[in-house]
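Trainee: Could you look at this predicted model? Sequence included:
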Amino acid sequence: MPAIVSLFVAVTLSLLVTRIASEALTLTGLSRQSARFQARSAFTGSGFTTQESERVVNHPVRRRIIMWLMFLGNAGIITVISSVVLTFVTTARSDQWFLRFMLLFLGLALLSLVIQHRGFNRYLNRLVRWALRNWTNLDVRDYANLLHLKGEYRVMELLVNPSDWLANKQLHQLRLKSEGVMVLGIEREDKTYVGAPNGSTYIRSFDLLILYGRKTALLELDSRRNDLTGEIAHEKAVRTQQHLMNEQAEQEVLSKDSLT
């Protein structure tokens, strides 16, 4: 009987550890299904090579969670399960095998039913999420995934030089939104930070801008100089963005027509 209890305790701890890790990974912006798969993969040492795995190892908080999962998985929980099973089989008399295997089967089946119960899962998820939010610091998110940085869209830092077209102007004068470029934040030369700048925000020389937009537009903006060619490039970028918006509007109309 002690061997069976030890086995159930080890299995329960394993499931609890992977559930906590799954919720922690979800808090960083990973989908719940991907988080659950990556947590179980890391804990068991399976090491599946997937696209989600690359997103995990390139993210500082996710990498830390996976590291702890690997440590706990290799430190003893899986080993304890194996050793308990071996002890359970080798020490039992042949006439007790059937009874013990039945107890083991029924216990694991009951544990599986509890874990798959929706009400229990909702309660456990809320409890784990509350604990992680109150006792840990998991504010680092996967911004590349949350901002849908796909295709040409990027977040890029741009250092404003004195001769740049951007230098010494207010944001409303630049009309960057009409080019499809958004200024997410500004880091000043003295390391002060301006978050979510508005139209009256002044762009100074040696400011570091955090920009969101198409890669080609951001690279062109980075090379734009404060002269007539810069103004021409700005007007060209506005026309290009307007053309893209018109194409997107046409695609939306066609998609609506196809649905009807």
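Mentor: Arrived safely. Numbers count the residues shown, from 1 in each chain.

Trainee: State the phi and psi torsions of residue 205.
Mentor: Taking degrees, to the nearest 10, you get phi -60, psi 140 for the backbone angles of residue 205.

Trainee: Ok, residue 163 next?
Mentor: Per degrees, to the nearest 10, the backbone of residue 163 is at phi -90, psi 0.

Trainee: neighbours of it, just the number please.
Mentor: By other C-beta atoms under 10 Å, 11 other residues sit near residue 163. Using the backbone N, CA and C atoms, a C-beta is placed for each residue, glycine as well.

Trainee: Correct me if wrong: it contacts residue 226.
Mentor: Yes. Counting by C-beta atoms under 8 Å, residue 163 touches residue 226, with 5.8 Å between them.

Trainee: count of residues packed around the closest residue to residue 162 other than its chain neighbours?
Mentor: Nearest residue to residue 162 in three dimensions, chain neighbours excluded: residue 205, at 4.3 Å (C-beta to C-beta, 6 or more residues apart in numbering). Summarising burial for residue 205: neighbours were counted as other C-beta under 10 Å, giving 14.

Trainee: Ok, residue 44 next?
Mentor: 14.

Trainee: where's it relative to residue 174, distance?
Mentor: Separation of residue 44 from residue 174 (C-beta to C-beta, to the nearest Å) stands at 53 Å.

Trainee: which stretches of the stretch 51-200 of the chain form helices?
Mentor: 51-57, 60-72, 78-91, 94-116, 118-135, 143-146, 171-174 (DSSP state H, counting those that start in this stretch).

Trainee: Contacts made by stretch 198-216 with the rest, please.
Mentor: Applying C-beta atoms under 8 Å, 6 or more residues apart in numbering, the contact partners of stretch 198-216 are 147, 152-162, 164, 166-172, 174, 176, 179-189, 194, 218, 221.

Trainee: buried stuff in it?
Mentor: Buried residues in stretch 198-216, counted by 16 or more other C-beta atoms under 10 Å: 203, 207, 209-214.

Trainee: which of the contacts of stretch 198-216 are buried?
Mentor: Members of these classed as buried by 16+ other C-beta under 10 Å are 153-154, 156, 158, 160, 164, 166-167, 171, 174, 176, 179-181, 183, 186-187, 194, 218, 221.

Trainee: Domain boundaries for this protein, per the record?
Mentor: 2-135, 146-259 (automatic domain parsing).

Trainee: Quick check: which ranges of the stretch 151-260 of the chain have low pLDDT?
Mentor: 151, 259-260 (pLDDT under 70).

Trainee: you'd agree residue 22 is up against residue 36?
Mentor: Yes. If you go by C-beta under 8 Å, residue 22 and residue 36 touch, sitting 4.6 Å apart.

Trainee: The two: which is more packed in?
Mentor: A count of neighbours by other C-beta under 10 Å puts residue 22 above the other of residue 22 and residue 36, at 24 against 18.

Trainee: Report whether the more buried one is found in a strand, as I expect.
Mentor: No. Counting by DSSP: H, G, I helix; E, B strand; the rest coil, residue 22 is not part of a strand but helix.

Trainee: I'd like to check which residues are in contact with it.
Mentor: Per C-beta under 8 Å, 6+ apart, neighbours of residue 22: 32, 35-36, 39.

Trainee: Please repeat the previous calculation with a cut-off of 7 Å.
Mentor: 35-36, 39 (C-beta atoms under 7 Å, 6 or more residues apart in numbering).

Trainee: Just put the residues you listed in CSV and tack on pLDDT and secondary structure.
Mentor: Shown next, in CSV, are the contacts of residue 22 (pLDDT from 0 to 100; DSSP: H, G, I helix; E, B strand; the rest coil):
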residue, pLDDT, secondary structure
35, 79, helix
36, 78, helix
39, 81, helix
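
Trainee: Noted, bye for now.
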